[in-house]
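S.K.: Here is a sequence together with a model predicted from it:
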Amino acid sequence: MLRLMIVDDEQIIREELSEMVDYPSIGYELVATAKNGMEAFDIIRDEYPDVVVTDIRMPFINGLELIERSIKSDADISFVLLSGYGEFEYARQAMRYGVRHYLLKPTDRQELIDTLIAIRQERVLEEEKRVSERSQLLCSLQTSLEQCFLMKALAYEENFPSVYQKYLPLLPSSLDCCTACVCSYVKEPYMKSFAADARRLLELEQVPLCFSCIYIKNNMILIFRASSLLIRERIRRLLENLHYFRQSVAFEVRFLHEPAALELFRSILQKLARFQQICLVDQESHTYEIRNDPTAPWRISHLNASIASASDACQAASVLNTVFHDTMPTDTAKNLALGLFLKRWPESGTFPPELACDFFQKLYSCSRIGEIQNLMEAVLLLENAGSQEEKNSANITLLKSYVNQHLDSENLSLKWLAENYLFISIGYLSKLFIREEGLRFSDYLNQRRVEEAKRLMTVYQNENIKNIAAKVGFGSNPQYFSQVFKRYTGLTPTEYMEERKRHL
């Protein structure tokens, strides 16, 4: 269901629009109505609607200003403008902000339905595109995720089913296979050639590999789906007939077959467990070693335990500072960060793929060790908390700390903080904030901005109101700042400053 909000300064129109359509029948939930732009903007920051139907001419903040402010904090909102015949110029201006839907007053019921259905169809296509992009991202990171999976599985072999379930959403095409084969007498100089030829032969048989080739001491393990015994025998003959210059011993192929993918991987892990060095060979014939290095499971577990036992956020940050250093290769730092991130979920948990992909995109866009460390501080400081209540409290503490440090940012929103800083659901964070703080996020943000503005007015008594507005997140719009300031203090900024001067 898409979340819908209606904004109009005329009560009769708000009520008419609210009752005009059976919104659930077309995939919408009416979550809020607002009587002016200022009220609407606060509600948008709390209720995070997907679609907003808004009038153009309204008191305090008109429809265009509402759109401009809203898209800065949440560019995913779709707006539908309600305009009169003489307001086409306003609608044309709205197109600069990406608004493509507008309806003439009085609103026709079928036109409104058609517009909302069109927006929903656009959203479906956008979501399909996002799913495709997430799939491509996971595909591009497959080898790194496979490394983490094997290291985690080897470190927690006794609890392997939980590890398997955790990684299943991130490696969906890799972890649902029930067939593998072990190719023996593959000497290390032929490792890459054998992996490339095996991949090519399997693809000719329309049986592509589902996992990077695993190499351990003259043995190559290939994991795939084989639908019949006949195909398995053809694969055996093809692989055993491979030959390389100075290869004195013929290859031998034996199959591993289990009724379920989980059991197949358990059998493979039992074979890997006794080797200190394991290599993965990807489809580009690049090799990756799994050994006792900074990204080994026991090191990640030890580091995670140190972070979790830190007495406060500063100490936890200091622990990270001892691990991430400028001389560390960037790829190693990213793999370490990836392992720590995956460690954050409980052993019985699973990853929401969309949140995990958000983190992966941010991590792999980092070009410096310091950027990776800063990203991990935001994600891992929550490990200080033990119980769920403590984790909830830690989330809100982190959120408030971030807000207090970035009050000058005009684009602060609960949605941005949830998706880009805390990596949790926006709906969950919204409810959690109200429960922990007893007020909506927009009210908290406005109160903090007003408090900071009052402090600045006390320190800089002759400062221009416009400059103070910019320093507390209202950009260069002192009029809107004045409206919010008066709502919380009963005085305009100018009146407040004059009042302060009289009492000095």
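M.R.: Now that the structure is in, tell me what you want to look at.
S.K.: what about the strands in the stretch 151-300 of the chain?
M.R.: Secondary structure of the stretch 151-300 of the chain by DSSP state E, counting those that start in this stretch: the strands cover 179-184, 213-216, 219-224, 252-257, 278-281, 287-290.
S.K.: now these in CSV, with distance to residue 158, mean neighbour count and mean pLDDT?
M.R.: The C-beta positions use only the backbone N, C-alpha and C, and glycine is treated the same way. Shown next, in CSV, are the strands of the stretch 151-300 of the chain (distance: least, C-beta to C-beta, whole Å; neighbours: other C-beta atoms under 10 Å; pLDDT from 0 to 100):
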stretch, distance to residue 158, mean neighbour count, mean pLDDT
strand 179-184, 22, 20, 93
strand 213-216, 21, 22, 94
strand 219-224, 22, 22, 94
strand 252-257, 21, 15, 91
strand 278-281, 19, 21, 93
strand 287-290, 19, 16, 88
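S.K.: mind checking the SS state of residue 31?
M.R.: Here residue 31 is recorded as strand under DSSP: H, G, I helix; E, B strand; the rest coil.
S.K.: For it, list the residues it contacts.
M.R.: 3-5, 47, 49 (C-beta atoms under 8 Å, 6 or more residues apart in numbering).
S.K.: for residue 502, same thing?
M.R.: Counting by C-beta under 8 Å, 6+ apart, residue 502 has no contacts.
S.K.: Quick check: it vs residue 136, distance?
M.R.: Applying C-beta to C-beta, to the nearest Å, the value for residue 502 to residue 136 is 64 Å.
S.K.: Repeat that for residue 193.
M.R.: 28 Å.
S.K.: which of these two has more neighbours?
M.R.: More neighbours sit around residue 193 than around the other of residue 193 and residue 136, counting by other C-beta atoms under 10 Å; the figures are 14 against 10.
S.K.: Might you report the residue contacts of that one?
M.R.: Per C-beta under 8 Å, 6+ apart, neighbours of residue 193: residue 244.
S.K.: In terms of pLDDT, where does it sit?
M.R.: Residue 193 is assigned a predicted lDDT (pLDDT) of 94.
S.K.: Kindly report the same for residue 381.
M.R.: Reported pLDDT for residue 381: 57.
S.K.: Let me know the pLDDT of residue 461.
M.R.: 75.
S.K.: cool, and residue 408?
M.R.: Residue 408 is given a pLDDT of 88.
S.K.: Same check on residue 348?
M.R.: 49.
S.K.: Ok, residue 61 next?
M.R.: At residue 61, pLDDT is 85.
S.K.: Would you agree it is in contact with residue 34?
M.R.: No - Residue 61 is beyond contact range of residue 34, at 10.3 Å (criterion: C-beta atoms under 8 Å).
S.K.: shared neighbours of those two, which are they?
M.R.: residue 40.
S.K.: Below-threshold pLDDT in the stretch 51-200 of the chain: ranges please.
M.R.: 85-92, 94 (pLDDT under 70).
S.K.: rerun at 80
M.R.: Residue ranges of the stretch 51-200 of the chain with pLDDT under 80: 84-98, 155-158, 172-178.
S.K.: Could you find the lowest-pLDDT member of the contacts of residue 31?
M.R.: Per-residue pLDDT puts residue 47 lowest of the contacts of residue 31, at 90.
S.K.: Tell me who's in contact with that residue.
M.R.: Taking C-beta under 8 Å, 6+ apart as the test, what residue 47 contacts is 3, 5, 31-32, 430.
S.K.: Now rank those by neighbours and give me the top one.
M.R.: Going by other C-beta under 10 Å, residue 5 tops the contacts of residue 47 with 22 neighbours.
S.K.: For the nearest residue to that residue once chain neighbours are set aside, which residues are in contact?
M.R.: If the residues on either side of it in the chain are set aside, residue 5 comes closest to residue 49, at 4.0 Å by C-beta to C-beta, 6 or more residues apart in numbering. Residues in contact with residue 49 (C-beta under 8 Å, 6+ apart) are 3-5, 31-32, 43, 77.
S.K.: ditto for residue 216
M.R.: 271-272, 275, 277-279.
S.K.: Which ones among the contacts of residue 31 map onto strands?
M.R.: Judged by DSSP state E, these include 3-5 as members of strands.
S.K.: Could you save these as a markdown table and add columns showing distance to residue 22?
M.R.: Formatted as a markdown table, these follow (distance: C-beta to C-beta, whole Å):
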| residue | distance to residue 22 |
| --- | --- |
| 3 | 16 |
| 4 | 12 |
| 5 | 17 |
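S.K.: ok, so of those, who is nearest residue 158?
M.R.: Set against residue 158, the nearest of those by C-beta to C-beta is residue 3 (44.1 Å).
S.K.: My read is that residue 226 contacts residue 209, right?
M.R.: No - using C-beta under 8 Å, residue 226 is not in contact with residue 209, being 11.5 Å away.
S.K.: Looking at the contacts of residue 49, which is nearest residue 460?
M.R.: With C-beta to C-beta as the yardstick, the closest approach to residue 460 among these comes from residue 43, at 32.6 Å.
S.K.: quick one: which of the strands of the stretch 151-300 of the chain is nearest residue 377?
M.R.: The nearest among the strands of the stretch 151-300 of the chain, by C-beta to C-beta, is strand 287-290 at 26.9 Å.
S.K.: Give me the sheet partners of that closest one and which way each runs.
M.R.: With DSSP bridges as the test, strand 287-290 is paired with strand 278-281 (antiparallel).
S.K.: name the helices or strands packed onto the one helix or strand residue 430 maps to?
M.R.: Assigning secondary structure by DSSP states H and E places residue 430 in helix 426-437. Using 3 or more C-beta pairs under 8 Å, 6 or more residues apart in numbering; DSSP states H and E, the elements in contact with helix 426-437 are helix 388-405, helix 414-417, helix 441-459.
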